[in-house]
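In: Attaching a predicted model along with its sequence, questions to come.
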Amino acid sequence: MTAGTAPAETTEAKRKMKDDAERAKERPKADNGQDAACRAALTAIGARFETAPAINDGKACGIDSPVLLEGLPGGITVDPAATIRCETALQLARWMEGSVKPALKAAMPGETVTALSQASAYVCRNRNGAEEGRISEHAFGNAVDIAGFTLESGKTVTIRPADREPTLEGAFQRAITEAACLYFTTVLDPGSDAAHQNHLHLDVKARRGGYRYCW
Ligand SMILES: [Zn+2]
């Protein structure tokens with residue numbers, strides 16, 4: 001190491017610490033009253049979940065009061081079980097009830113969802129897995145990625161680029177994607193960018209003025 005590199009490294013380390021501190025401010029704070037109300041609502045809607053221990057992964061990553069979501073109303077398995085904030089789990093259950101189930105009934109009469117396949121829940125990383133840049137909502141337990149659904153007949157419905165797919169399955173995917181914006185504040189689908197070709201990214205990030213970002 002040359003004498004000249006040390007100050008630069010120190011500056012870099014300081015910058016990183018400041019970055020992490022900034023990011024930590026975005027992490028939702030635990031609110032016992034809100035948590036209890038959320039868990040009661042999650043039980044009432046018929047979801048299956050366990051209380052999970054607090055997660056603190058350093059940097060800004062973690063969840064103060066996570067749930068392990070195992071099932072959604074109507075005996076739907078969450079595969080694999082998802083570690084997320086209660087609020088995320090509740091909105092996922094509401095979306096399944098309010099949008100996915102009715103849309104499936106119209107698109108494929110006689111079918112029901114038996115499993116929801118999730119591709120990512122809590123994970124300590126930046127957006128799109130980048131080295132630099134903003135921390136992902138996944139790192140706060142605010143987000144869940146939906147890869148597809150398994151139906152009672154054994155058929156699977158996978159999320160894919162379907163903006164122009166001229167089929168009922170394409171219409172089903174477009175319907176549930178549009179409706180997701182009623183429940184989640186961020187919806188990114190395979191039409192939004194290369195990083196989301198095979199899943200729907202849904203999150204409950206709180207933005208000023210209730211602003212939503214749905215593509
Ligand atoms: Zn995601």
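Out: Arrived safely.
In: Of all the helices and strands in this structure, which has the lowest average confidence?
Out: In the chain, no helix or strand scores lower on mean pLDDT, DSSP states H and E than helix 5-24, which sits at a mean of 68.
In: Count the neighbours of the residue nearest to E111 when sequence neighbours are not counted for me.
Out: Counting by Cβ to Cβ, 6 or more residues apart in numbering, L151 is the residue found nearest to E111 once chain neighbours are left out, at 4.6 Å. (Glycine included, C-beta is placed from N, CA and C.) By other Cβ atoms under 10 Å, 17 other residues sit near L151.
In: Give the next helix or strand downstream of the least confident helix or strand of the chain.
Out: Going down the chain from helix 5-24, the next helix or strand is helix 32-45, by DSSP states H and E.
In: Report the contact partners of the residue of the chain found nearest the ion.
Out: Using Cβ to the ion, the closest approach of the chain to the ion is made by H201 at 3.4 Å. Counting by Cβ atoms under 8 Å, 6 or more residues apart in numbering, H201 touches A143, D145, T186, V187, L188, D189.
In: would JSON lines of the residues you listed with distance to the ion and pLDDT be doable?
Out: Below are the contacts of H201 laid out as JSON lines (distance: Cβ to the ion, whole Å; pLDDT from 0 to 100):
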{"residue": "A143", "distance to the ion": "5", "pLDDT": "97"}
{"residue": "D145", "distance to the ion": "4", "pLDDT": "97"}
{"residue": "T186", "distance to the ion": "9", "pLDDT": "97"}
{"residue": "V187", "distance to the ion": "10", "pLDDT": "97"}
{"residue": "L188", "distance to the ion": "7", "pLDDT": "96"}
{"residue": "D189", "distance to the ion": "11", "pLDDT": "93"}
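In: who wins for neighbours among the residues you listed?
Out: The contacts of H201, ranked by neighbours (other Cβ under 10 Å): first place D189, 26 neighbours.
In: Please name the nearest non-neighbouring residue to that residue.
Out: Nearest residue to D189, sequence neighbours excluded (Cβ to Cβ, 6+ apart): T177, at 4.8 Å.
In: Okay, that neighbour and S153: tell me how far apart.
Out: 23 Å (Cβ to Cβ, to the nearest Å).
In: Looking at those two, which is more packed in?
Out: T177 (24 against 11).
In: Look up which helix or strand the more buried one falls in, please.
Out: Assigned by DSSP H and E, T177 belongs to helix 168-180.
In: Return the list of helices and strands in contact with that helix.
Out: Applying 3 or more Cβ pairs under 8 Å, 6 or more residues apart in numbering; DSSP states H and E, we find helix 168-180 packed against helix 86-95, helix 101-107, strand 156-158, strand 200-203.
In: Now do the buried residues in it.
Out: Along helix 168-180, these residues count as buried under the neighbour rule (16 or more other Cβ atoms under 10 Å): G170, F172, Q173, R174, A175, I176, T177, A179, A180.
In: Quick one: residues contacting the first one.
Out: Think G170. Residues near G170 by Cβ under 8 Å, 6+ apart: A162, R164.
In: How about A41?
Out: L90.
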